[in-house]
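Asks: could you work out the structure for the sequence below:
(chains A and B)
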Number of protein chains: 2
Amino acid sequence: MAMTELSGVRTYLLGLQERITGAVAKLDGQPFVADAWQKEPGEPLQGSGVTQILEQGSVFERAGCGFSHVRGPKLPPSATQHRPELAGAPFEAMGVSLVFHPRNPYVPTVHMNVRMLAATPPGGAASDAVCWFGGGMDLTPYYGFEEDAVHFHQRCKDALEPFGSDKYPRFKQWCDEYFYLKHRQEQRGIGGVFFDDFQELGPDRSFAMMQGVGDAFLQAYLPIVERRQNLPYGERERDFQLYRRGRYVEFNLVWDRGTHFGLQSGGRTESILMSMPPLVSWQYQRPIEPGSPEERLYQVFLPRRDWL
Amino acid sequence: MAMTELSGVRTYLLGLQERITGAVAKLDGQPFVADAWQKEPGEPLQGSGVTQILEQGSVFERAGCGFSHVRGPKLPPSATQHRPELAGAPFEAMGVSLVFHPRNPYVPTVHMNVRMLAATPPGGAASDAVCWFGGGMDLTPYYGFEEDAVHFHQRCKDALEPFGSDKYPRFKQWCDEYFYLKHRQEQRGIGGVFFDDFQELGPDRSFAMMQGVGDAFLQAYLPIVERRQNLPYGERERDFQLYRRGRYVEFNLVWDRGTHFGLQSGGRTESILMSMPPLVSWQYQRPIEPGSPEERLYQVFLPRRDWL
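Replies: A predicted model of the protein is given here:
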């Protein structure tokens, strides 16, 4: 993929961020605040980004959607394990990443990410750049609705279908494996799709597949928000939501490779931690009432399941 | 140190846990709930413990104090880097660890830990066991008071003085280095003392030093609680406390070796995470008002400083 085409990826990602924040701001009634940042000269990575954030909205208590585009002089060893010919190659990485924490406990939290990594073999021309794509989206309900889970997974499947019918089942399983809290023996939510290091369809079709996932996000999530955002709830549901948000924090800070590695290696802290919930609680061995809607989350929605 | 003496360490630790939870429950007016646990046969480590926890008390919003005593067939490589003669040796580890999160934002959060690791060289007798000790305590204010910081550090220094005047300065610096949030370029709090892998005074005196630290805890912390627990506060102070508690979560889940390793390696999750605050908030680039008491925390209390 030549450098001119990388600019196409950048244009797509910036447009996606605008479309998503625009639609979500419209639904919420409150705009996102855009915070443009730039790496200082001398930092290990160079580049810039725009973090867009909406806090204390009427529908979303905290919603962050970030674009970043960084360049580094040398691919880290973890990225070249299976590609020794690219060891030490200069690289570019860009992506859009979002986490939306709604206020109403009946509306699920959502995460979506699409990203690209491009490396030029040492001594090669820009047109020799090798690209991989990654991405996915997953849903984390507090109170589950089968209808919502099916809808979300169906949108994921539809988005991937044009790229081969093997993609959804593979990426659905990958998502279940990735968003797993080993220390709780629990899934983070009802999953969705996740893929990484993807180039098997060649640069253009792989990019198109990533676009398919990004483009599917609003249709996968917004109808669920619209269906649930006005359901009445009380202290009990709010309390359970704050407690379950603790699992989101635990996953992101302990297990999520991007978050953990980003914080340890000098990433932009406030942009990385826009995924943290606005308010969270912890409680020792919180009891689960048998037969309650809270127990249903653990029994029906969190275990891995084929939703379609 | 022979096995009969290890039972002395165990007796000390269980007594320390009782003394501390007894005094804190008396001050709070609410008792701790004791939860005894035991590792299942077949788990990688064998052993048992007692987690004591007080939630939603009048002074403490969440206070956990745990004792644990585990045995393993083989020291992990990280523990034998400097002691190759003990590679693969069976070991025992025991300790008391506590984190207290007060309700009033003028009362600081506190952490204390004392621990022992003993290993028997392969083929050796119980009397050949080699012991190391570790421990320390550190204070995390939301609104600082110089008087409290000086008091806390003075008690740490007094506890260590009988074991050599080099100990407090060394362990104070070690504490500052350990409780550092690299991704925020911020200390967790005003520090205290921290030591690990300690055996340089021989088993008996090293054990005595660990006891000195454990015994000093109540005198180091409770007078501060008593001075501050009835100060009136409002939403502004509460809000800042919830925000700053986020740093505690970030430190423990991202940087604390014990927590991170414990969760990743199958430790007892609920006991490890008793250190999490009861209620926490995150906010994007929260502004700090110039000249405010909140700014004073960052400018006067968090930078590393000689308090004595």
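Asks: bridging residues for the residue nearest to A:Val130 when sequence neighbours are not counted?
Replies: In this structure, A:Val130 finds its nearest non-sequential neighbour in A:Ala119, 5.5 Å apart by CB to CB, 6 or more residues apart in numbering or on different chains. (C-beta placed from N, C-alpha, C; glycine too.) Beta bridges link A:Ala119 to A:Phe91, A:Val130, judged by DSSP bridges.
Asks: spatially central residue for chain A, please.
Replies: Central residue of chain A (CA atoms, centre = their mean): A:Met112, 2.9 Å from the mean position.
Asks: state the distance from the residue in the stretch 101-250 of chain A that chain B sits nearest to to B:Phe261.
Replies: For the stretch 101-250 of chain A, the residue closest to chain B is A:His183, as judged by CB to the nearest CB, at 4.2 Å. Plainly put, A:His183 is 11 Å away from B:Phe261 if you go by CB to CB, to the nearest Å.
Asks: now for those two: what residues contact both?
Replies: Here A:His183 and B:Phe261 share the contacting residues B:Gly267, scored by CB atoms under 8 Å, 6 or more residues apart in numbering or on different chains.
Asks: ok, back up a step: can you pull the pLDDT of the residue of the stretch 101-250 of chain A closest to chain B?
Replies: A:His183 carries a pLDDT score of 95 in this model.
Asks: now do the phi/psi pair for it.
Replies: phi -70, psi -10 (degrees, to the nearest 10).
Asks: look up how far B:Met209 lies from the nearest residue to it once chain neighbours are set aside.
Replies: Leaving out its chain neighbours, the residue that sits closest to A:His183 by CB to CB, 6+ apart is B:Leu263, at 4.2 Å. To B:Met209, B:Leu263 is 29 Å away according to CB to CB.
Asks: do the same with A:Leu201
Replies: Counting by CB to CB, the gap from A:Leu201 to B:Met209 is 63 Å.
Asks: just the helices in chain A please.
Replies: A:3-28, A:77-80, A:146-160, A:167-178, A:202-228, A:235-250, A:257-264, A:269-272, A:293-296 (DSSP state H).
Asks: rank the ones you listed by mean pLDDT and give me the bottom one.
Replies: Looking at the helices of chain A, the lowest mean pLDDT belongs to helix A:77-80 (a mean of 72).
Asks: tell me which other helices or strands that helix touches.
Replies: Contacts defined by 3 or more CB pairs under 8 Å, 6 or more residues apart in numbering or on different chains; DSSP states H and E place helix A:77-80 against no helix or strand at all.
Asks: show me which residues of chain A sit near chain B.
Replies: Taking CB under 8 Å from any CB of the partner chain as the measure of proximity, chain A contacts chain B at A:35, A:51, A:53, A:55, A:62, A:64, A:182-184, A:242, A:246, A:249-250, A:253-254, A:260, A:263-264, A:266-267, A:269-270, A:273-274, A:276-285.
Asks: thinking again about what came up before, if I read this right, the residue nearest to A:Val130 contacts A:Pro76, doesn't it?
Replies: No: proximity of A:Ala119 to A:Pro76 does not meet the contact threshold set by CB atoms under 8 Å, at 10.8 Å.
Asks: who has more neighbours, those two?
Replies: Neighbour count, other CB atoms under 10 Å in any protein chain shown: between A:Ala119 and A:Pro76, A:Ala119 has more, with 26 against 12.
Asks: what residues does that one make contact with?
Replies: A:Ala119 touches A:75, A:79, A:86, A:89-92, A:129-130, counting by CB under 8 Å, 6+ apart.
Asks: please apply the same query to A:Ser58.
Replies: So A:Ser58 contacts A:28-30, A:103 (CB under 8 Å, 6+ apart).
Asks: could I get the phi/psi values of it?
Replies: phi -80, psi -30.
Asks: which residues of the stretch 1-150 of chain A score low on pLDDT?
Replies: A:1-4 (pLDDT under 70).
Asks: over to A:Val121: give its phi and psi.
Replies: Quick fix: residue A:121 is Pro, not Val. When quoted as degrees, to the nearest 10, the phi and psi of A:Pro121 stand at phi -60, psi 140.
Asks: OK, contacts around it?
Replies: By CB under 8 Å, 6+ apart, the contact set of A:Pro121 is A:85-86, A:89, A:128, A:130.
Asks: so which of those is the most crowded?
Replies: A:Ala89 (23 neighbours).
Asks: now render the helices of chain A as JSON lines, adding mean neighbour count and distance to B:Arg188.
Replies: Putting the helices of chain A into JSON lines (neighbours: other CB atoms under 10 Å in any protein chain shown; distance: least, CB to CB, whole Å) gives the following:
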{"stretch": "helix A:3-28", "mean neighbour count": "17", "distance to B:Arg188": "34"}
{"stretch": "helix A:77-80", "mean neighbour count": "13", "distance to B:Arg188": "29"}
{"stretch": "helix A:146-160", "mean neighbour count": "20", "distance to B:Arg188": "39"}
{"stretch": "helix A:167-178", "mean neighbour count": "19", "distance to B:Arg188": "30"}
{"stretch": "helix A:202-228", "mean neighbour count": "19", "distance to B:Arg188": "36"}
{"stretch": "helix A:235-250", "mean neighbour count": "19", "distance to B:Arg188": "17"}
{"stretch": "helix A:257-264", "mean neighbour count": "16", "distance to B:Arg188": "15"}
{"stretch": "helix A:269-272", "mean neighbour count": "20", "distance to B:Arg188": "15"}
{"stretch": "helix A:293-296", "mean neighbour count": "15", "distance to B:Arg188": "33"}
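Asks: so for B:Gln299, which of those sits nearest?
Replies: helix A:269-272 (19.5 Å; CB to CB).
Asks: which elements pack onto that closest one?
Replies: Using 3+ CB pairs under 8 Å, 6+ apart: helix A:269-272 touches strand A:46-55, strand A:60-72, helix A:257-264.
Asks: A:Gly57 and A:Glu237, how far apart?
Replies: Distance from A:Gly57 to A:Glu237, by CB to CB: 19 Å.
Asks: A:His101 too?
Replies: Distance from A:His101 to A:Glu237, by CB to CB: 15 Å.
Asks: do A:Arg245 as well
Replies: 13 Å.
Asks: do A:Gly134 as well
Replies: Taking CB to CB, one finds A:Gly134 at 34 Å from A:Glu237.
Asks: look up the closest residue to A:Gly262, ignoring the ones flanking it.
Replies: A:Ile272 is the one closest to A:Gly262 (CB to CB, 6+ apart), at 4.6 Å.
Asks: one more: A:Phe240?
Replies: A:Glu294 (5.4 Å).
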